[in-house]
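J.: just to be clear, the model below is a prediction. Sequence and coordinates:
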Amino acid sequence: MWKHYKSISLGLVALASIASAQGGFPTSSITPMPQAAQASASAPAGGMFESNTFLEMANRVFDPSSDSLDFENGSFEWKGKNFNLSEQRAFRSRFERFLLASPTEEETQYARLMADIIDRLSVSNNNSDDAILDTWELLFRASRFDLDGGNSTIVANQVFNAWRIRKESRGVTMTQRELSQVRQFQQEVVANRALALKNIREKRLLESGNRRGDGEEVVSDGTESITSEAAFRMLDLAETEARIIALETQSAMTGLQAKLQFQSQIVSFMLQRRFEHALVLAGFYQSIFKGSHQSLEVGKDQLQEFLPGSDLAFTVDSMTFIAREAINDVNKGVDAVNAAYEEKRSLIALERLQEVFFLGEYLTELNKIPADQRRHLLELNRGLIEAGELAESKDYIGVSELADEIYKLAEDFPKNRVLSAVETAKSMSDMAVFAASQYRNLGDIDKSRSELQTAIEIWPSNPAIRDFQQETTKLATAGSQGVKIFDDLYKRMDRRGIYERRMDLGFALADDTQRRPLLMEVVEQVARIDLLVNQSKELVKQGEAYAAWELLVEAAKVDPSDGPMNQARAELASRVADFVLQIDRAERQAEDGHHAGSLAAYLAAQDIYPVSRLCRQGIQRETSALMSGLRDQD
């Protein structure tokens, strides 16, 4: 099908429109027309609209997420601190669930209870063992609330485990004290046995020396038994020493384990954004462990990710400070959301609410946002998400409709910017379709296909694309019958019929070296007739009926049978009847060889229309004929 489109001249396509628009038909300009058309067709490609531009704008406008939320890297940044952000769909689900929920009295009671527990654990209040125990018992009341999620039970278990280890440590201390007493006794026994053994040996040595001097035989006694007893006493002492060291190691390990478990849970609560439970657990930690045990020994890698680039020492106090700062920020954020909503800045309210929600998802401060406000922001959020999806699929009509709906929900929504971007995208797609049509008419199918692909990428549902395809199909179908139609019309010299079918015939005869020049000639002739007819109509409007008639006479010389030209002559004949009568008489006299009579008729016609070009040419022609006749007679 595409072979019919190769190397066809644009003059066959746009000839009539150019003649009509310019009011003139410069025949010399027909040859360079394809180059001009090609330049026009390639113009959109020079500054071709990139569809990513609209998508980038849509991502900025239709994405209600805060700039702090980075779903691509899965992180949420808050004051230089990074939280692990869940998958976007999961976060959206939790956020919409919050917007669908309504504040309840149970949540208010839970908020008061948690505030009471945190207040009880502050250093300014009673920190006696009984007060700490009463506070610990409140944790079981808090765990009964669904909002707590069982985290208060985790805190209570950690505290109870620390207390149990401390109690066990006291028992170990008592055992160590008893073993120390046994060790002291054993050390005394061993020392006494060693001293007794030394004395006995010295005495035996002295006695043995005296007996050798008297020539008596030395007899062994019970020294060996004393030595054996001392050895056993030393073994008992060593065993006691080992038991003491084992108990000391066990006590140290047990205490370290309790501290590490406590610290691990505090870090876990911080990373989970359970700031209230982190404060409660940190309060119990500071009441159980000494001040020298406040440095965090666990979770340093996680904390380094949580506080990137920080060279601060991680302590329980620093975690407490961050938790309180987060709670205060959530309070201020909720106030900002409510203030923005009251000022009818719903889009800003939604953006700030997402940031506040992620930071304070498990804090009861979010209950200060009323239910009706949540529903309104939910509808706005769903509208923005849907508009973003439509923009991604490049459904510009749907985006425009949703932009109007979103503007009704949020007056601070940049509707005009969205609509402007939509219109720009549509225009660029239309320009690409027009360029594809121009290249198709020129026979450059590769460029036509490229421009059409560009138009589809910018706006897949552009109605002009379907029109282009239907027109191309129509032209291809008509091309198979074009040769027969042209031969029939040309045989009957129906120039007007050929001209009206010039587009179809142009594609059909694109590769026909014999018929294509004939087609070009007919198109030029009819275009010239139309040009002269249009010029004559303009002269009639200006009151120059005789000049208009002369243009129609010129058109009749091209094709006397042309319908529009003859109709124009019939409409004008009554206004120039006297002039036409003299012209016709002059032409008849000239045909009969009566040059004098013809000259007289032309002179009479010139009296009617002095600036007549026909009269001037006729007078010159007949005068020359008369003079030639006179010279022949001489």
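T.: Good, I have the coordinates. Numbers count the residues shown, from 1 in each chain.

J.: in this protein, which helix or strand is least confident?
T.: helix 11-22 (a mean of 32; mean pLDDT, DSSP states H and E).

J.: around Gln620, how many other residues sit close by?
T.: Gln620 has 11 neighbours, counted by other CB atoms under 10 Å. Using the backbone N, CA and C atoms, a C-beta is placed for each residue, glycine as well.

J.: residues in contact with stretch 624-631?
T.: Identification of contacts with stretch 624-631 by CB atoms under 8 Å, 6 or more residues apart in numbering yields Ala590, His595, Ala596, Leu599.

J.: any regions of the stretch 101-250 of the chain where pLDDT drops low?
T.: 166-250 (pLDDT under 70).

J.: how about the chain?
T.: Judged by pLDDT under 70, the stretches of the chain that qualify are 1-88, 166-258, 290-294, 296-313, 442-443, 475-480, 634.

J.: rerun that using 80 as the cut-off
T.: 1-91, 123-129, 162-262, 289-314, 440-445, 472-483, 503-512, 629-634 (pLDDT under 80).

J.: domain ranges for it?
T.: With domains defined by automatic domain parsing, the chain comprises 2-54+424-524, 105-314, 543-633.

J.: Leu366 contacts Phe98, doesn't it?
T.: Yes - the pair Leu366 / Phe98 is scored as a contact, 7.1 Å apart, by CB atoms under 8 Å.

J.: so the two - more neighbours on which side?
T.: Leu366 (22 against 15).

J.: pretty sure Leu281 is in contact with Gln158, am I right?
T.: Yes - here Leu281 reaches Gln158: they are 6.4 Å apart, a contact under CB under 8 Å.

J.: more neighbours: which of these two?
T.: The residue with more neighbours, out of Leu281 and Gln158, is Leu281; 31 against 20, by other CB under 10 Å.

J.: what helix or strand does that one sit in?
T.: helix 275-288 (DSSP states H and E).

J.: name the helices or strands packed onto that helix?
T.: helix 105-120, helix 129-142, helix 151-214, helix 223-271, helix 316-342 (3 or more CB pairs under 8 Å, 6 or more residues apart in numbering; DSSP states H and E).

J.: quick check: angle from that helix to helix 105-120?
T.: 30 degrees (axes from the mean of the first three to the mean of the last three CA atoms, to 10 degrees).

J.: can I get helix 275-288 as CSV, trimmed to CA atoms?
T.: Below are the C-alpha coordinates for helix 275-288, written out as CSV (Å, rounded to 0.1, in the frame of the first residue of the first chain):
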residue,chain,number,x,y,z
PHE,A,275,7.9,7.0,70.8
GLU,A,276,5.6,6.9,73.8
HIS,A,277,6.6,3.3,74.6
ALA,A,278,10.2,4.3,74.1
LEU,A,279,9.8,7.0,76.7
VAL,A,280,8.1,4.6,79.1
LEU,A,281,10.8,2.0,78.7
ALA,A,282,13.6,4.5,79.0
GLY,A,283,12.0,5.8,82.2
PHE,A,284,12.0,2.4,83.8
TYR,A,285,15.6,1.8,82.5
GLN,A,286,16.9,4.9,84.2
SER,A,287,15.2,3.9,87.5
ILE,A,288,16.6,0.3,87.4
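
J.: could you tell me the angle between that helix and helix 129-142?
T.: 160 degrees.

J.: quick one: residues in contact with stretch 118-129.
T.: For stretch 118-129, the surrounding residues in contact (CB under 8 Å, 6+ apart) are Ala131, Asp134, Thr135, Leu138, Glu276, Leu279, Val280, Gly283, Phe284, Gln286, Ser287.

J.: oh sorry, the question was meant for stretch 605-620
T.: Stretch 605-620 is touched from outside by 546-547, 550, 553, 578-579, 582-583, 586-587, 590, 598-599, 602-603, with contacts defined as CB under 8 Å, 6+ apart.

J.: circling back: which of the contacts of stretch 118-129 sits closest to Gln469?
T.: Within those, proximity to Gln469 (CB to CB) peaks at Glu276, which comes in at 63.6 Å.

J.: what about the nearest residue to the closest one once chain neighbours are set aside, distance to Leu121?
T.: Spatial nearest neighbour of Glu276, excluding adjacent residues (CB to CB, 6 or more residues apart in numbering): Met114 at 5.1 Å. In this view, Met114 and Leu121 are 11 Å apart by CB to CB, to the nearest Å.

J.: so what sits against both of these two?
T.: Val280.

J.: generate a ChimeraX selection restricted to the buried subset of the contacts of stretch 118-129.
T.: Here is the ChimeraX selection string for the buried members of the contacts of stretch 118-129, based on 16 or more other CB atoms under 10 Å:
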select :135,138,276,279,280,283,284,286,287
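
J.: select, from the contacts of stretch 118-129, the two members most distant in space.
T.: Spanning the widest gap among these are Ala131 and Glu276, at 19.4 Å by CB to CB.

J.: for Tyr341, what are its contacts?
T.: Ala349, Gln373, His376, Leu377.

J.: just give the nearest non-adjacent residue to the second one, would you?
T.: Residue nearest to Gln373 in three dimensions, not counting chain neighbours: Tyr341, with 5.5 Å by CB to CB, 6+ apart.

J.: how near is that neighbour to Val418?
T.: Distance from Tyr341 to Val418, by CB to CB: 22 Å.

J.: repeat for Ile465
T.: Taking CB to CB as the criterion, Ile465 is separated from Val418 by 23 Å.

J.: who's more crowded, those two?
T.: Neighbour totals were compared for Ile465 and Val418, and Val418 leads with 25 against 19 (other CB under 10 Å).

J.: can I take it that that one is in a helix?
T.: Yes - with DSSP: H, G, I helix; E, B strand; the rest coil as the criterion, Val418 is part of a helix.

J.: I'd say it and Val399 touch.
T.: Yes - counting by CB under 8 Å, Val418 touches Val399, with 6.8 Å between them.

J.: residues shared between the contacts of Leu366 and Phe98?
T.: Looking at what touches both Leu366 and Phe98 (by CB under 8 Å, 6+ apart), the common residues are Phe357.

J.: if I look at the closest residue to Val553 other than its chain neighbours, how far off is Phe314?
T.: Nearest residue to Val553 in three dimensions, chain neighbours excluded: Leu614, at 6.6 Å (CB to CB, 6+ apart). Between Leu614 and Phe314 the computed distance is 108 Å (CB to CB).

J.: please apply the same query to Glu451.
T.: From Glu451 over to Phe314 (counting by CB to CB), the distance is 61 Å.
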